[in-house]
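Novice: Model the following, please.
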Amino acid sequence: MDIIKKISEELEVKETQVQAAVELLDEGCTVPFIARYRKEKTGALNDEQLRHLAERLEYLRSLEEKKETVLKTIEEQGKLTPELREEILAAETQVKLEDLYRPYRPKRKTRASVAKEAGLQPLADMILEQKTEEPLEKLAEAFINEEKGIKDAAAALAGASDIIAEGISDSADYREWIREKTEQKGVLISEAKNPEEKSVYETYYEFSEAVSKIAGYRVLAINRKKKKKILTVKIEAPEEDILRYLNRKTLTKKTAEKDNAPGSLRAFLEAAVADAYSRLIQPAIERELRNMLTEKAEDSAIDVFGKNLTQLLMQPPIAGQTVLGWDPAFRTGCKLCVVDPTGKVLDTAVIYPTAPTNERKIAEAKAKLKQFIKKYGITLISCGNGTASRESEQIIVELLHEIPEKVSYVITNEAGASVYSASKLASEEFPEFDVGQRSAASIARRVQDPLAELVKIDPKSIGVGQYQHDMDQKKLGEALGGVVEAAVNKVGVDLNTASVPLLTYVSGVSKVIAKNIVSYREEHGGFKDRKELLQVPKLGPKAFEQCAGFLRISGGTNPLDATAVHPESYAATNKLLQSHEPAELGKLSAKEREALAEETGIGKLTLDDIIEELLRPGRDPREDMPKPILRSDVLDMKDLQEGMILKGTVRNVIDFGAFVDIGVHQDGLVHISQLTNKKFVKHPLEVVSVGDIVEVKVLSVDPEKKRIGLSMIL
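Specialist: Numbering: from 1, shown residues only. Sure, this is the predicted structure:
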């Protein structure tokens, strides 16, 4: 297989682009580096295209290696024909290759292999030829062999049937046809083991849907309940169609026209066909299709999770504010942490304004809050959305009405904060704090710089996906790691303030190098120039090439170190600045830019990026994202009325809709059918993303079930 050609067709790009990208990946270049600094070579393939390319490259190379092994194995058996070799080399999937290899794969003992050992292969061949007019019983008598367990003609015929059934089952063409037919016409059915048991999954107690149409989130929900032994699941295939096909392929026209009375050749072969399907083919095809459905559902869920995570990581920082982080709780008290605009912890405390409480404790809590606000100039309170968040919000609003200072509050998604606070990293960062104080610090810093704080948490624990605990954790982890890497490198990292976890996501920077960068920084008082990176242990020229453009230095010796311009382009950039002002460069026409690119010896795409950096040095791409809603008053669920128009923040996007925070502690659901009436929506991500600020109308309120129905069709 021509891998380059295959990938170029899938990505719908030129073969030269794929070839260049493959060469760069093989040289050890990272996806962010190639996407940003090798646009000329790849024709500006983006991160998403490059990641897909890298995945397909790995899969197809693995497939080619497997083909070599299969060909060698079959050749050693002396069974490799030119036609089979051609079929194997043309296989484009692992499934197709496995189908072709099945007849030649060394098998454990089977009914057919036992029959072959007993010398029944010739009998099976004679029956399959369908040329003899002799009764089957008479034909089989010649193969009776008591020493090998063939005591009578019936035993010989049973063994021959097993051989024929396995032969039918091993046919790659038959399996491919049956798999496609089952995928097209099969129905996935789930039933409750105990129909009387109450569950949120009662929808699936008597459920059926076409395999070709079932939504991924339904597949994952059914898988979860099957794993917990609440449901039984099966795929009902179009059996009559399949048996008709197999009989047509197995029986000659003459045999098919004969009577199928018991004992006849036709009846015998039809029984062998039915046995091949029910015992050997159907269970395997069902497993394969269930796995295929699960894989597709997981890929879709991972894709949604990745897009949600990207939006969450790319939320704009609320800069320049002293923030009070509030980790709400009941019995153990609410943990507070004050951080200055740089994220440095100034103070911590524990207050008890939530149940079980009394007026004295509430008064003490408010007094402590007022003291903090006055002493540190707090301008924003970031309250986590976990247990006791609602009660904490009531206290915050009461407080804001009692003080002269202008202070806002924001409800912050604290998913993963508890995971971080109990981690080794948190104990190293805040050795003197307990887990509650660490969590409060994290909640405060999340609004100051969401990206820098969220990279400290396992992406799977951030809570913007669906069924993430039910899927392949390795695949999920790798995909989300790529998402975080893309976000970090898109934004860039301050070399003199970045934490080790943040640095490890920078292109070309391993965990060891990240630790060495921080150690060097602590020892030498910060980096003054990007070239200093080459003095960091383990950070050689290749790692420098990969990471330098993504690491920024503010106030260093070279102003270009504060931009995304790569050091390899400094000479060309300085040449540009000697003859042009940045504003002048921005006004150049496409033709003038092409001439300038040729003159300076850099590509047109690289020149465009350099000009963009010079026009907006130090620009943060997160500035273009919607800002969080800052609140000063509280709304209760009981205050909601049908028809109300409110502003909210999209917290999570899933296959069937989006959850929106409208400030009542319970997120409302905008079903996919209520996202817009302007176009057909295949997936909610076509309309909304995590972090979007949207206007919604209240459709329904159910306080008992804590459900709010919303619509974006106003």
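
Novice: Low-confidence regions, the stretch 51-200 of the chain specifically.
Specialist: Low-confidence segments of the stretch 51-200 of the chain (pLDDT under 70): none present.

Novice: What segments of it are helices?
Specialist: Using DSSP state H, counting those that start in this stretch, the helices of the stretch 51-200 of the chain run over 82-90, 94-101, 111-117, 121-129, 136-141, 153-169, 172-185.

Novice: Of these, give the one that comes closest to N516.
Specialist: Comparing the helices of the stretch 51-200 of the chain by their distance to N516 (C-beta to C-beta), the top pick is helix 94-101, with 40.7 Å. (Each C-beta comes from the backbone N, C-alpha and C, glycine too.)

Novice: how about that closest one: buried residues?
Specialist: Counting neighbours by 16 or more other C-beta atoms under 10 Å, one finds that the buried residues in helix 94-101 are 95-101.

Novice: Kindly report the same for stretch 472-484.
Specialist: By neighbour count with 16+ other C-beta under 10 Å, stretch 472-484 contains the buried residues 476, 479-480, 482-484.

Novice: can I get the CA coordinates of that stretch in PDB?
Specialist: Extracted C-alpha coordinates of stretch 472-484, given in PDB (Å, rounded to 0.1, in the frame of the first residue of the first chain):
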ATOM      1  CA  ASP A 472     -10.200   3.200  26.600                       C
ATOM      2  CA  GLN A 473      -8.300   5.200  29.100                       C
ATOM      3  CA  LYS A 474      -5.000   5.100  27.200                       C
ATOM      4  CA  LYS A 475      -6.600   6.400  24.000                       C
ATOM      5  CA  LEU A 476      -8.500   9.100  25.900                       C
ATOM      6  CA  GLY A 477      -5.400  10.200  27.800                       C
ATOM      7  CA  GLU A 478      -3.300  10.500  24.600                       C
ATOM      8  CA  ALA A 479      -6.000  12.400  22.800                       C
ATOM      9  CA  LEU A 480      -6.600  14.800  25.700                       C
ATOM     10  CA  GLY A 481      -2.900  15.200  26.200                       C
ATOM     11  CA  GLY A 482      -2.700  16.300  22.600                       C
ATOM     12  CA  VAL A 483      -5.500  18.800  23.200                       C
ATOM     13  CA  VAL A 484      -3.700  20.400  26.200                       C
END
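
Novice: which residues make contact with that stretch from outside it?
Specialist: For stretch 472-484, contacts defined as C-beta atoms under 8 Å, 6 or more residues apart in numbering pick out 31, 51, 298, 302, 305-306, 309-310, 313, 455, 458-460, 468, 505.

Novice: With distance to L80 added, can I get the buried residues of helix 94-101 in TSV?
Specialist: Conversion of the buried residues of helix 94-101 to TSV gives the following (distance: C-beta to C-beta, whole Å):
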residue	distance to L80
V95	21
K96	17
L97	14
E98	17
D99	16
L100	11
Y101	11
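
Novice: Please tell me I have it right and R36 contacts N489.
Specialist: Yes - judged on C-beta atoms under 8 Å, R36 makes contact with N489 at a distance of 7.1 Å.

Novice: Between those two, which has more neighbouring residues?
Specialist: N489 (25 against 20; other C-beta atoms under 10 Å).

Novice: quick one on the thing from earlier: list just the nearest of the contacts of stretch 472-484 to S569.
Specialist: Of these, the one sitting nearest to S569 (C-beta to C-beta) turns out to be V31, at 19.8 Å.

Novice: neighbours of the nearest residue to the closest one once chain neighbours are set aside, just the number please.
Specialist: Leaving aside its chain neighbours, V31 sits nearest to L50 (4.6 Å; criterion: C-beta to C-beta, 6 or more residues apart in numbering). Using other C-beta under 10 Å, the number of residues around L50 comes to 25.

Novice: How about R390?
Specialist: 18.

Novice: swap in the one 10 residues further on?
Specialist: Look at L400: counted by other C-beta under 10 Å, it has 20 neighbours.

Novice: So it versus V339, what's the distance?
Specialist: Distance, L400 to V339, using C-beta to C-beta, to the nearest Å: 19 Å.

Novice: Sketch out the helices for the stretch 401-550 of the chain, chain order is fine.
Specialist: So, for the stretch 401-550 of the chain - with DSSP H, counting those that start in this stretch - the helices run 417-421, 424-429, 435-448, 450-454, 473-491, 500-503, 511-524, 541-547.

Novice: For the ones you listed, give me JSON lines that also has mean pLDDT and distance to H566.
Specialist: Shown next, in JSON lines, are these (pLDDT from 0 to 100; distance: least, C-beta to C-beta, whole Å):
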{"stretch": "helix 417-421", "mean pLDDT": "86", "distance to H566": "33"}
{"stretch": "helix 424-429", "mean pLDDT": "89", "distance to H566": "30"}
{"stretch": "helix 435-448", "mean pLDDT": "92", "distance to H566": "28"}
{"stretch": "helix 450-454", "mean pLDDT": "90", "distance to H566": "21"}
{"stretch": "helix 473-491", "mean pLDDT": "91", "distance to H566": "12"}
{"stretch": "helix 500-503", "mean pLDDT": "94", "distance to H566": "18"}
{"stretch": "helix 511-524", "mean pLDDT": "94", "distance to H566": "18"}
{"stretch": "helix 541-547", "mean pLDDT": "96", "distance to H566": "8"}
